[in-house]
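S.K.: Predicted coordinates and the sequence they were generated for:
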Amino acid sequence: MLREIALADLNTLQLAINAGIERVELNAHLELGGVTPTDETVQEAVRMTEAAGIDLVVMVRPRAGDFNYSYNEIEEMLQIIKRFRTLGVKTVTFGVLTANHCLARDKMFKLIEAAKPMQVVFHMAFDDIVPQKQGQALRWLARYGVIRVLTHGGPLSESIDETLPHLKIIKSLAQQDIEILPGGGVTHVNAHQIATSLAVNQVHGTHIIKM
């Protein structure tokens, strides 16, 4: 089982590497749900993860709050993506929705195109998509090359045990077209149970590994 840790500083990154983590999602300000880290932090994280032989995913999120971004915010995200590619980042994660909680396809397409040849992951903005539209969103994301979706299966106010039934639906909707990465309340204590329940081989969390 692959474990992905969400973290926001280089000290924690080194501890996670020492503890045997397999993949890292780098953010700033996890207390806000994670936003874009600084170029300096990204540059050092690229060096550290490459030296350790592990994968690095970098957050592209210009602010906390909702995922309905303005024209200027999308332009900012485009510039961030270009800089991260120059810094040697191989995978970025982002998500953009409309005001009525559907996938913002035009904006997403622009960002996905700008990210090439980096891989793209859709983050927990997925849980803000209207449930009836999630299957359609998964198909669109898969069609345009997004490799993975990070999801809690519902609002973070609900425990992972409560959202597990909907996570199973999401996993079923995804079929083999796109990876589903469960997160939000997944820890080193319950990771194997969650992975087994969902028949997935990867899990995500801030406490996914003992350090």
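M.R.: Nice, thanks for sending it over.
S.K.: how about the helices of this protein, start to end?
M.R.: 10-18, 39-52, 71-86, 105-115, 134-143, 160-174, 191-198 (DSSP state H).
S.K.: Show me how far stretch 41-52 is from its chain's centre.
M.R.: 18 Å (Cα atoms, centre = their mean, to the nearest Å).
S.K.: so who does Leu10 touch?
M.R.: Thr41, Glu44, Ala45, Met48 (Cβ atoms under 8 Å, 6 or more residues apart in numbering). Bear in mind the C-beta positions are built from the backbone N, C-alpha and C, glycine included.
S.K.: let's see 7 Å
M.R.: By Cβ atoms under 7 Å, 6 or more residues apart in numbering, Leu10 lies in contact with Thr41, Glu44, Ala45.
S.K.: List buried residues within the residues you listed.
M.R.: Buried members of those, counted by 16 or more other Cβ atoms under 10 Å: Thr41, Ala45.
S.K.: just the contacts of Leu10 now: which is nearest Ala6?
M.R.: The shortest approach to Ala6 among the contacts of Leu10 belongs to Ala45, at 12.8 Å (Cβ to Cβ).
S.K.: Could I get the pLDDT score of Asp177?
M.R.: On pLDDT, Asp177 comes in at 88.
S.K.: Next, work out how far apart it and Arg85 are.
M.R.: 25 Å (Cβ to Cβ, to the nearest Å).
S.K.: Neighbour count: those two, which is higher?
M.R.: Arg85 (16 against 12; other Cβ atoms under 10 Å).
S.K.: correct me, but the more buried one touches Met118?
M.R.: Yes: at 5.7 Å, Arg85 and Met118 qualify as touching, with contact defined as Cβ atoms under 7 Å.
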